[in-house]
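*Asks:* pasting a predicted model and its sequence here:
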Amino acid sequence: MAQGLRRRALGRRIAAVEVRHAAVIAGSPEEFASTLEGRKLANVSRKGKAIAVELAAEDGSAPRFLLVRLGMTGQLTVTPREAPVESHTHVLMALDDGRDELRFRDVRRFGRLRSLTQRELEKVLGTLGPDAQHVTEAQFLAAMRGRKGALKSWLMNQNLVAGLGNIYADEALFEARIHPLSQPGRVSAGKARQLYKAVRKVLARAVRLGGTTFSDYLDIEGRPGAFLKKLRVYQHTGEPCRRCGHTIRRIVIAGRSSHFCSRCQPRPRVTAKMRGPRKSGA
């Protein structure tokens with residue numbers, strides 16, 4: 001998404017903003033619109049799952065930042081203005097050439113758009129841990145040290161390492177051959193390094209292929225991601241493991257489905273306690 005915005009929208013000015021559903025705006029919809037209109041997209045950055053678009057003013061005043069969080073079903077696309085507006089499209093931002101507009105669509109409305117000052121943005125991003133694509137090995141290992149609970153939940157805690165969701169946490173654990181109920185603080189240094197490398201590898205591969213689309217996710221051009229075919233455990237319950245042929249299993253950890261191969265990812269002697277109903281053998 002960030003790459004697409006840089007390619008399609010940098011240097012373009014937001015001519016007008018239409019908020020059709022105020023629930024997806026953090027703060028006042030009126031202030032959101034007024035602080036974006038007339039500003040040029042100067043830069044796009046990302047930390048974890050948060051995208052920050054720097055918006056420069058023509059008079060040289062301090063920039064604003066459009067913070068985008070897609071949630072589970074959010075879509076941000078550059079779309080021709082004459083294209084029909086799909087249902088669940090909540091915000092339209094017309095670009096200055098009059099041909100295109102940025103559209104934010106979100107079926108479940110878990111995503112949020114917010115207009116921020118630089119100081120406000122730094123405060124928001126400061127609550128997040130190091131970005132999963134850029135975290136150093138030392139930072140990663142230090143964040144695991146002494147931690148209890150399930151390693152799967154640890155990977156998805158945005159305050160510790162930002163950017164991993166359910167899909168890529170499952171895939172990284174499989175890549176590293178680690179059971180999702182392992183406790184971070186009990187994982188050996190060697191295995192922890194394997195996990196660090198696996199996280200970086202899985203994310204790099206997924207970004208290169210445009211992400212993973214099951215139903216809602218689209219890139220900035222409105223195209224689905226192509227990583228779905230590369231998934232090896234996520235939502236493959238009951239199928240043979242592509243590595244060893246053993247059956248892929250599914251359990252629920254802290255309310256989230258976790259998929260793994262019990263042969264490639266053997267259960268350790270001491271595991272985290274499971275929360276919620278147990279859906280299948282671990």
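*Replies:* Sure, I can see it. Numbers count the residues shown, from 1 in each chain.

*Asks:* can we go C-alpha only for contacts and neighbour counts from here?
*Replies:* OK.

*Asks:* list the contacts of the residue lying closest to Arg112 once chain neighbours are set aside.
*Replies:* Sequence neighbours aside, Val24 is the residue nearest to Arg112 in space, at 4.8 Å (criterion: Cα to Cα, 6 or more residues apart in numbering). Shown in contact with Val24 (Cα atoms under 8 Å, 6 or more residues apart in numbering): 90, 109-113.

*Asks:* and the strands in this structure, which stretches?
*Replies:* 14-19, 40-47, 50-56, 64-69, 74-80, 89-95, 100-106, 112-116, 248-253, 256-261 (DSSP state E).

*Asks:* starting at the chain centroid, how far to stretch 62-69?
*Replies:* Distance of stretch 62-69 from its chain centroid, counting by Cα atoms, centre = their mean, to the nearest Å, is 18 Å.

*Asks:* same question but for stretch 4-19, I mixed them up
*Replies:* 21 Å.

*Asks:* what does it rub up against?
*Replies:* 29, 33-34, 36-44, 78, 90-97, 219-221.

*Asks:* off-centre distance for stretch 12-27?
*Replies:* 21 Å.

*Asks:* do stretch 117-134 as well
*Replies:* Using Cα atoms, centre = their mean, the offset of stretch 117-134 from its chain centre is 14 Å.

*Asks:* quick one: end-to-end distance for that stretch.
*Replies:* For stretch 117-134, the first and last residues are 24 Å from each other (Cα to Cα, to the nearest Å).

*Asks:* ok, now stretch 6-14?
*Replies:* So stretch 6-14: terminal residues 15 Å apart, Cα to Cα.

*Asks:* would you mind checking the average pLDDT for it?
*Replies:* The pLDDT scores in stretch 6-14 average 95.

*Asks:* do the same with stretch 197-211
*Replies:* The pLDDT scores in stretch 197-211 average 92.

*Asks:* what's the answer for stretch 65-85, then?
*Replies:* 94.

*Asks:* centroid-nearest residue for the chain?
*Replies:* Centroid-nearest residue in the chain, with Cα atoms, centre = their mean: Lys49, separated by 3.7 Å.

*Asks:* any buried residues in the biggest helix by length in the chain, and which?
*Replies:* The helix that spans the most residues within the chain, counting by DSSP state H, is helix 189-208. Along helix 189-208, these residues count as buried under the neighbour rule (16 or more other Cα atoms under 10 Å): 192-196, 198-199, 202-203, 206.

*Asks:* now do that helix: which elements does it pack against?
*Replies:* helix 137-144, helix 166-176 (3 or more Cα pairs under 8 Å, 6 or more residues apart in numbering; DSSP states H and E).

*Asks:* where does pLDDT dip in the protein?
*Replies:* 213-217, 274-282 (pLDDT under 70).

*Asks:* can you name the farthest residue from the center of the protein?
*Replies:* Asp59 (34.1 Å).

*Asks:* roughly how far does the residue nearest to Arg112 sit from Val207?
*Replies:* 26 Å.

*Asks:* cool, and Val44?
*Replies:* 16 Å.

*Asks:* also Leu92?
*Replies:* Counting by Cα to Cα - Leu92 and Val207 are separated by 26 Å.

*Asks:* now swap in Leu67 and tell me
*Replies:* Counting by Cα to Cα - Leu67 and Val207 are separated by 20 Å.

*Asks:* Cys241 contacts Arg232, doesn't it?
*Replies:* Yes. Here Cys241 reaches Arg232: they are 7.3 Å apart, a contact under Cα atoms under 8 Å.

*Asks:* beta-bridge partners for the nearest residue to Leu125 once chain neighbours are set aside, please?
*Replies:* Counting by Cα to Cα, 6+ apart, Lys47 is the residue found nearest to Leu125 once chain neighbours are left out, at 7.2 Å. Beta-bridge pairing of Lys47 under DSSP bridges involves Ala50.

*Asks:* who's in contact with Lys47?
*Replies:* Contacts for Lys47 were tallied using Cα under 8 Å, 6+ apart; they are 125, 128, 130-131, 162-163.
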